[in-house]
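In: no FASTA, just this:
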Ligand SMILES: [K+]
Ligand SMILES: [K+]
């Protein structure tokens, strides 16, 4: 055991990998071997379907090859919900722990900066992190559950007539399931058309949106905001960590961009004929959920190509580090933009709010984004070859953006789909499973988990400057 | 004038921008204002068409909104050929000069390394570079012309029957035009179906392929190979610059990958029914030309999605620096891969052939690739919004990969198209024009030409380490 622990300490990326491997295998075993999980004995869950569902739930992605509500019993749904909860809490705890571990290689000052940023206590104690993460999760999920449960009971008849549920108990189960699924950015919903039945409800839209945004900002940001609550309002912004400022501004910018482009591009598309308020609801909800949560109140496959591509870009960016969100992260994108802007202005240093962003952060941001795109390109090529190698562009051309969307949705742990998932062949499903796991671990962590540890440096030869670009 | 010269020296990227601006404006004026350039007075060349054609020729891209052979007279074709030649020679000379200028900021040792790599003489004299570039160009274009001219005369009747040409003079003009167009990686052909009529000819395939590869390797590599010619064969490889070794291996790997995937993926596609030898010809030719030349012997629009996406990746990479090719360059891609591989193995340094690749080269490579992709993403979004904002994914889905392909083809100065170019609206054509120019200058040079020069460094604040990825 000491050897195992030291290996986990040395390669903290592996701790994350092991956590998800255990979760996924246990979930797969439950869904596959426990007959009570299937809704009907005539439609048992195959091993690959169980693996796909378990990975999708544990990695809080939300892509599905089976219907959560029709193919799984309450028992099966409870297993899925447990995987989502353990996956969501786990990622926040483990990634926070990993960041602290990585910081051990830095000097004392760096370590303190990182521990401060994370709200991880002086030494980055795993128990302190876990307790704080659990408290935050419990608070938001309980609040969300109570609001949704009250709403569902008050409006019970309306949705019962529409076939959404058939008992008061079921309506409450929906509230619990959707509250946890939203905070964990999982995107699993107890309706085959996701949250489309609730498209017109302000309460559901707002509750889910708040849960998704808070879950996606990440534990360090929420922790920082919580710590600043006692300060007088004018000082509050100034007292936040730089990381929190970057995340809050970045998230705001992305929300506005997504909202404005959806409203503009889809006014003659999926929004056509809707009353003004419903248009605003749908645009705002898509903007909130498409980066990482994966709920939808419009049919994704009906969007225009332009909006699908903008959604792909938003899915790539995702949410915040140490959060339940995926993607290469808002802070990563922000730091790359800041670096480019500083260079454009002729500065070698990146300064923001009287802080200088460390070159190490910049290098890591660039590496993360590049790895994410490289993995996506390789997976997209593989999927295109497997699925469409015999169809010419002229007859199968429409499938390209569907496949592109599916790959980024899996790698960004978003879970939106234009409808391709269920028609994928088994090898392609395996690729999607691997993508969901890699996306959940993060490109850098995956890389670190598989790579060789730091070695003694090799000899330095005369420098060469190959010409580039 | 001294002020102008010093400004060009200070921002060498601007020299390149000015050179292309002059070329494009002159070419546009000639094609638009000189009635003799149009094939028929009934179909005059509009200003936008003239600008598009002039930019496409000067930036050796090859995308066309008008037919080179049917809409332009011999005079017009000669103007286009002159633009191609000046654009091709210009880019090799100017970019080589720019690299030398940039190296002025380094120390004496760095400067010598770069001057050696470039074969630019001790001080990086512009006249020495220009003379060497002109000699190389003249040699290869003359050789190519003589082979093609002989072939065209010998096989005159065969192609005359097929309607490719109607006089011996025209056949010779074809040889000259295609030889220059191939060496300059321009992709302009005197046939509306590009080189499809010559798909079965080994001589044409081989001659064009050699011209394209040599032009795309870049002046520094060819110069280096030329200098090593006198050494005994076993020493020859060892005596090459690291840059040349990277370019030669990288180009070889990409050629094999493109060839193998085309042969595999299209065996039931565009290659169906072809005899084995013709399959090999077509696959090899596509592999050679799709990275940057832009000639084609198969209909691009008939390819499978998988092959189109692989072609997009190849177009993004392109050819070599200081060559007639576009893309973010083979050496850039190679250095990024080497950096990733070294990190994976646990090394902080990138060693290759007993040389250590400088961190500056690596940073520049990463910045080049990221800028290239950022420009492509912005342009693709704009084009999708302009062209398809009112068409839902379900009815207009096929257009996505066409638009994606078109954007990368323009930015990579490739010139292949699935057929979208002529149907683009005027605003979209302007975007394509800007992309061709940016692609020709290169993302970093464009950025440098527009950016503020280096400033005195700003104050250094306490370091912040925002969390990423
Ligand atoms: K999700
Ligand atoms: K070209």
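Out: Right, received. Where do you want to start? None of the values given here were measured: they were computed from a predicted structure. Numbers count the residues shown, from 1 in each chain, chains lettered A, B, ... in the order given. Ligands and ions are numbered 1, 2, ... in the order given.

In: Every contact and neighbour count from this point should use C-alpha atoms.
Out: Fine.

In: Can you name the residues that contact the residue of the stretch 1-150 of chain A found nearest ligand 2?
Out: With Cα to the ion, the shortest gap between the stretch 1-150 of chain A and ligand 2 falls at residue A:63, namely 40.7 Å. Under the criterion of Cα atoms under 8 Å, 6 or more residues apart in numbering or on different chains, the neighbours of residue A:63 are A:53, A:56, A:188, A:410, A:414-417, A:421.

In: ok, now how distant is it from residue A:24?
Out: 15 Å (Cα to Cα, to the nearest Å).

In: same thing with residue A:371?
Out: 24 Å.

In: between those two, who's got more neighbours?
Out: residue A:24 (25 against 18; other Cα atoms under 10 Å in any protein chain shown).

In: Would you agree that one is in contact with residue A:53?
Out: No. Using Cα atoms under 8 Å, residue A:24 makes no contact with residue A:53, being 9.1 Å away.

In: Give the buried residues for stretch A:413-431.
Out: A:413-419, A:421, A:424, A:428-429, A:431 (16 or more other Cα atoms under 10 Å in any protein chain shown).

In: Pull the residues that contact that stretch.
Out: A:48, A:52, A:59-66, A:185-187, A:290-296, A:299-302, A:315, A:325-327, A:379, A:383, A:386-387, A:402-403, A:405-406, A:409, A:436, A:439-440.

In: Next, the distance between the ends of it.
Out: End-to-end distance of stretch A:413-431: 14 Å, with Cα to Cα as the criterion.

In: gap between stretch A:150-166 and the chain center?
Out: On the basis of Cα atoms, centre = their mean, to the nearest Å, stretch A:150-166 is displaced by 29 Å from the centre of the chain it belongs to.

In: low pLDDT regions in the stretch 1-150 of chain A?
Out: A:1-13, A:95-126 (pLDDT under 70).

In: And the residue of it closest to ligand 1?
Out: Residue nearest to ligand 1 within the stretch 1-150 of chain A: residue A:61 (3.7 Å; Cα to the ion).

In: for the residue nearest to that residue when sequence neighbours are not counted, helix, strand, or coil?
Out: Of all residues not flanking residue A:61 in the chain, residue A:413 sits nearest, at 4.1 Å (Cα to Cα, 6 or more residues apart in numbering or on different chains). Following DSSP: H, G, I helix; E, B strand; the rest coil, residue A:413 is assigned to coil.

In: where does residue A:413 land on pLDDT?
Out: Here the pLDDT value assigned to residue A:413 is 91.

In: for the helix or strand hosting residue A:48, which positions count as buried?
Out: Secondary structure assigned from DSSP states H and E places residue A:48 in helix A:47-58. For helix A:47-58, burial by neighbour count (16+ other Cα under 10 Å) applies to A:48-58.

In: Is any residue of that helix near ligand 1?
Out: No. Helix A:47-58 stays out of contact with ligand 1 when judged by Cα under 5 Å from the ion, the minimum separation being 8.4 Å.

In: Let me know the next secondary structure element after that helix.
Out: helix A:74-103.

In: picking up where we left off before, state the phi and psi torsions of the residue of the stretch 1-150 of chain A closest to ligand 2.
Out: The phi/psi pair for residue A:63 (degrees, to the nearest 10) reads phi -70, psi 140.
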